[in-house]
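Engineer: Fold the following and give me the result.
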Amino acid sequence: MPKLTIDGIAVEVPNGATVMQACELAGKEIPRFCYHERLSIAGNCRMCLVEQEKSPKPIASCAMPATEGMVIHTDTPMVKKARHGVMEFLLINHPLDCPICDQGGECDLQDQAMAYGYDRSRYLENKRAVADKNLGPIIKTYMNRCIHCTRCVRFADEVAGVPELGAFGRGEHMEVGTYVEAALTSELSGNLVDLCPVGALTAKPYAFIARPWELKKTASIDVMDAVGSHIRIDARGEEVMRVLPRRQDDINEEWISDKTRHAVDGLMRRRLDRPWLRDAQGVMQRSDWETVLAFLATKLKTTAPKRIAALTGDLVDGEQIFALKTLMSQLGVTNLDGRGDEYGLGGDAGLAAAAGWRFNSGFAGIDQADALLLIGTNPRIEAAVVNARIRRRYLKGKFPIGLIGERPPATHDLTYHYEHLGIDAVVLDALLAASDGFAAKLAAAQKPMIIIGSQVFAHGGAIRRRKLMQLVEKFNLVREGWNGYNILHRAAARVGALELGFVPATGGLHGREIIKAAQAGDLDMVWLAGVEEFDRGQLGKALVIYQGHHGDRGAEAADVILPGAAYTEKDAIYVNSEGRPQAALRAVFPPGDAREDWKIIRALAGKMGMDLGFDDRDRLREMMAAYNPIFAAMGCLPPANWGDYVAAVKSEAARAVAEAQNPAPAFHHAMADFYQTCAISRASPTLQNCSRLFVRGEKIDDKMEAEAVYG
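Structural biologist: Got it, this is the predicted structure:
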């Protein structure tokens, strides 16, 4: 490990570190524009110049390897003069339009010009003019501001895996663009706005909306997928203005998907802000909490428990799940299911074995894996941030990737090379019998990994679990210090429902059976907690209670509507695919008469004279932690007992034999449209435009984009 002297301070750095990293270890601030720790080194901007003893001129610290005995100075007259010169050149062609720039107030160029630049300009010639580029509904361009740092080019190529940006021309005539005008097709393209240090790329839906100092900033958790990305919610008054990423190296690093970033304009549209009740003539009428809760209390008391069912949807939080389960359990209701249609309905294996539903390696485990098999999943659209991590590991080399299932469509193909092995479970038999091809690569790996889409278990769950267990045993996927068996979920609420046991009790009906029973007239009440998948006709004549926050499909099917709070409007716990419980914090209050969901359930229980055991959130969370200890360790990745899952799969032997007589369909991708997956994203004008352009291939005109920005 080389030892250096930085401004008189001795530091020791790892082999391969740069002078800039050595300076930062010594506590010295080095300005930069082009350098980013998660991108390759470009050395374009020269803002990071420092003085090295015995060197005739300043050196670019971001690109210079640290070597033994170096003596570096970061604050000499030579360094100051060099930085002044670089800043003056950068500002020669910059339009200096800070008063109208959306980057104003959080701009690297502003900050560094103040700290390292001159207080006046000596440049009198005309500035260059560069045509703006149309990069789609998400990114707005002002290419006159571009300083050619190429962060955007490197991100698109290295992280997003969609090399659609590049630089052409030389010197003053250099431009960054897409060569042939086209929108960026990456699901991570919004991160370019965060990366751009000068405001050349800004968020189109956020254009001219707010200034950063006007916004209240709240740390929270994303619910647009099951990754559990760390986000910051910026709100003004009662409206969420934008969502930005927070750094969490084990989960999302510092990236978020475009759906996470831009679904927020759907939070103020199609909202349910007061209770509704269907009258005797079948017409939905506005109501109030007293009337609706009294009606429900009477119905629940007079209805036999076996004729009541409850389902939870994709965006519900842990408190709501546990409160609803507690209510239903006290009523004697056994027809519960929070697994969604994609997870193992028809089989009970793993309901008491967390290893059967978690991403056991942890997302950070992808960095350690040396072989990967994808089964029935397309991580690019199901978990875009996880897919970026897979791509990064692929770029390091010696990482064979195989895919069993449908080939992804050309518009959403995986961003790395893979070997397509087939589309159905027959391929699993071939892998179990083979000793060459991809089977040999898995066998040779020290830390092999499989990632299974949750939809894989929707049909023939028992037989597929059995074959996957054989795969685990053959390729030694689970060994000392390593568990390469991973389930990748699509919905933020799915793992939380499993961890809290929101599954059929003994003798209870699971999701599909609940729907069939409702159609057959065997159920009188169905409680849909944030469930959007059903039309009115699918539930027969049962009384449908919808508890949610948007007037979407679930509300259309309802007889009673209980307006709840969206994820930005409540303090709540969500559990990601890893099984990691994380706390989201309230950024704004629910609109109108809408209330936090657990409070609605508690108020209903009070109306019925029932004691659920909690009156406040703290007590509710204590009960959750008593039921499952993972809720006592927020943010931690809990271990899972693999032996429990092995025993559960073995207990399904008879069911597996029965399912083997009726072959299940091929593995398929459950998510057809990345941009329209929940009530919030379907209400978002920005994501509607993205869906039209990238999924349906329709043209987006200026009027559509203006409506997305200004309503």
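Engineer: what pLDDT, on average, does stretch 499-518 get?
Structural biologist: Per-residue pLDDT over stretch 499-518 has a mean of 91.
Engineer: for it, which positions count as buried?
Structural biologist: By neighbour count with 16 or more other C-beta atoms under 10 Å, stretch 499-518 contains the buried residues 499-504, 508-511, 513-515, 517-518. From N, CA and C alone the C-beta is placed, and that goes for glycine too.
Engineer: Just the closest of the residues you listed to Ala183, please.
Structural biologist: Gly511 (37.7 Å; C-beta to C-beta).
Engineer: now, which of the buried residues of stretch 499-518 sits nearest Arg479?
Structural biologist: When the buried residues of stretch 499-518 are compared against Arg479 (criterion: C-beta to C-beta), the nearest one is Glu499, at 25.1 Å.
Engineer: Wait, the closest one touches Val575, no?
Structural biologist: Yes. Contact between Glu499 and Val575 holds when scored by C-beta atoms under 8 Å: they sit 5.5 Å apart.
Engineer: overlap in contacts of the two?
Structural biologist: By C-beta atoms under 8 Å, 6 or more residues apart in numbering, Glu499 and Val575 have these common neighbours: Gly318, Pro581, Ile630.
Engineer: Show me what the helix or strand hosting Met241 is packed up against.
Structural biologist: For Met241, the host element (DSSP states H and E) is strand 239-245. Contact analysis of strand 239-245 by 3 or more C-beta pairs under 8 Å, 6 or more residues apart in numbering; DSSP states H and E lists helix 191-195, strand 230-236, helix 258-262 as its packing neighbours.
Engineer: and among these, the most buried is which?
Structural biologist: Most buried of the helices and strands packed on strand 239-245 by mean neighbour count (mean count of other C-beta atoms under 10 Å) is helix 258-262; its value is a mean of 27.
Engineer: and that helix, what does it pack onto?
Structural biologist: Counting by 3+ C-beta pairs under 8 Å, 6+ apart, helix 258-262 packs on strand 239-245, helix 685-690.
Engineer: Pro65: which of those is closest?
Structural biologist: strand 239-245 (30.1 Å).
Engineer: Could you spell out the sheet neighbours of that closest one, each with its direction?
Structural biologist: strand 230-236 (antiparallel) (DSSP bridges).
Engineer: Spell out, range by range, the helices that occur in the stretch 101-250 of the chain.
Structural biologist: Per DSSP state H, counting those that start in this stretch, the stretch 101-250 of the chain carries helices over the ranges 108-116, 151-154, 191-195.
Engineer: Can you tell me what sits against the second one?
Structural biologist: Looking back up the chat, that one is helix 151-154. 34, 36, 39-40, 42, 165-167, 176, 192, 195-197, 201.
Engineer: Weed out the non-buried ones from those residues.
Structural biologist: Applying 16+ other C-beta under 10 Å to the contacts of helix 151-154 flags Cys34, His36, Leu39, Ala42, Leu165, Val176, Leu192, Leu195, Cys196, Pro197, Leu201 as buried.
Engineer: hang on, the earlier thing: now secondary structure too, for the shared contacts of Glu499 and Val575, in CSV please.
Structural biologist: Shown next, in CSV, are the shared contacts of Glu499 and Val575 (DSSP: H, G, I helix; E, B strand; the rest coil):
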residue, secondary structure
Gly318, helix
Pro581, strand
Ile630, helix
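Engineer: ok, of those, which one's closest to Val649?
Structural biologist: Ile630 (21.9 Å).
Engineer: Please look at the closest one and Gln582 and confirm they touch.
Structural biologist: No. Taking C-beta under 8 Å as the definition, Ile630 is not a contact partner of Gln582, at 10.9 Å.
Engineer: Residues in contact with both of those two, list them for me.
Structural biologist: Here Ile630 and Gln582 share the contacting residues Val575, scored by C-beta under 8 Å, 6+ apart.
Engineer: show me what contacts the residue nearest to Asp593 when sequence neighbours are not counted?
Structural biologist: In this structure, Asp593 finds its nearest non-sequential neighbour in Arg274, 4.5 Å apart by C-beta to C-beta, 6 or more residues apart in numbering. Neighbouring residues of Arg274 by C-beta under 8 Å, 6+ apart: Arg286, Ser287, Asp288, Pro563, Gly592, Asp593, Ala594.
Engineer: just to revisit the earlier point, as TSV, the helices of the stretch 101-250 of the chain with mean pLDDT and distance to Glu652 would be great.
Structural biologist: TSV is the format used below for those (pLDDT from 0 to 100; distance: least, C-beta to C-beta, whole Å):
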stretch	mean pLDDT	distance to Glu652
helix 108-116	94	56
helix 151-154	97	48
helix 191-195	97	43
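Engineer: any chance of the ones you listed in a markdown table, with distance to Asp618 too?
Structural biologist: Shown next, in a markdown table, are the helices of the stretch 101-250 of the chain (distance: least, C-beta to C-beta, whole Å):
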| stretch | distance to Asp618 |
| --- | --- |
| helix 108-116 | 41 |
| helix 151-154 | 44 |
| helix 191-195 | 35 |
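Engineer: So which of those is nearest Arg236?
Structural biologist: With C-beta to C-beta as the criterion, Arg236 lies closest to helix 191-195 of the helices of the stretch 101-250 of the chain, at 18.5 Å.
Engineer: in the stretch 501-650 of the chain, which spans are strands?
Structural biologist: Here the stretch 501-650 of the chain has its strands, by DSSP state E, counting those that start in this stretch, at 525-529, 543-548, 560-563, 572-575, 581-584.
Engineer: quick one, the first one and strand 543-548 angle?
Structural biologist: In this structure, strand 525-529 runs at an angle of 10 degrees to strand 543-548, with axes from the mean of the first three to the mean of the last three C-alpha atoms, to 10 degrees as the basis.
Engineer: Pull strand 525-529 out as CSV, backbone CA atoms only.
Structural biologist: What follows is strand 525-529, C-alpha atoms only, in CSV (Å, rounded to 0.1, in the frame of the first residue of the first chain):
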residue,chain,number,x,y,z
MET,A,525,-67.9,-9.7,2.1
VAL,A,526,-64.5,-9.1,0.4
TRP,A,527,-62.1,-6.6,1.9
LEU,A,528,-59.7,-5.3,-0.7
ALA,A,529,-56.8,-3.5,1.0
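Engineer: any idea of the mean pLDDT in it?
Structural biologist: pLDDT averaged over strand 525-529 gives 96.
Engineer: Give me the residues contacting it.
Structural biologist: Contacts for strand 525-529 (C-beta under 8 Å, 6+ apart): 299-300, 303, 307-313, 316, 320-321, 324, 328, 514, 518, 534, 539, 542-548, 554, 557-558, 597.
Engineer: quick one: which of those residues sit in helices?
Structural biologist: With DSSP state H as the criterion, helices contain Lys299, Leu300, Gln320, Ile321, Leu324, Met328, Ile514, Ala518, Gly554, Asp597 from among those.
Engineer: so who does Asp194 touch?
Structural biologist: Leu244, Pro245, Glu254.
Engineer: would you turn those residues into a markdown table with pLDDT and neighbour count?
Structural biologist: Converted to a markdown table, the contacts of Asp194 look like this (pLDDT from 0 to 100; neighbours: other C-beta atoms under 10 Å):
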| residue | pLDDT | neighbour count |
| --- | --- | --- |
| Leu244 | 97 | 20 |
| Pro245 | 97 | 22 |
| Glu254 | 96 | 19 |
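Engineer: from these, which single one is nearest Arg128?
Structural biologist: For those, the closest approach to Arg128 (C-beta to C-beta) belongs to Leu244, at 31.0 Å.
Engineer: how about the closest one, what does it touch?
Structural biologist: Listed by C-beta under 8 Å, 6+ apart, the contact partners of Leu244 are Asp194, Ile231, Arg232, Asp234, Ile256, Arg261.
Engineer: Check the buried ones among the contacts of helix 151-154 and tell me the two furthest apart.
Structural biologist: Taking C-beta to C-beta as the measure, those span a maximum distance of 16.5 Å, between Ala42 and Leu201.
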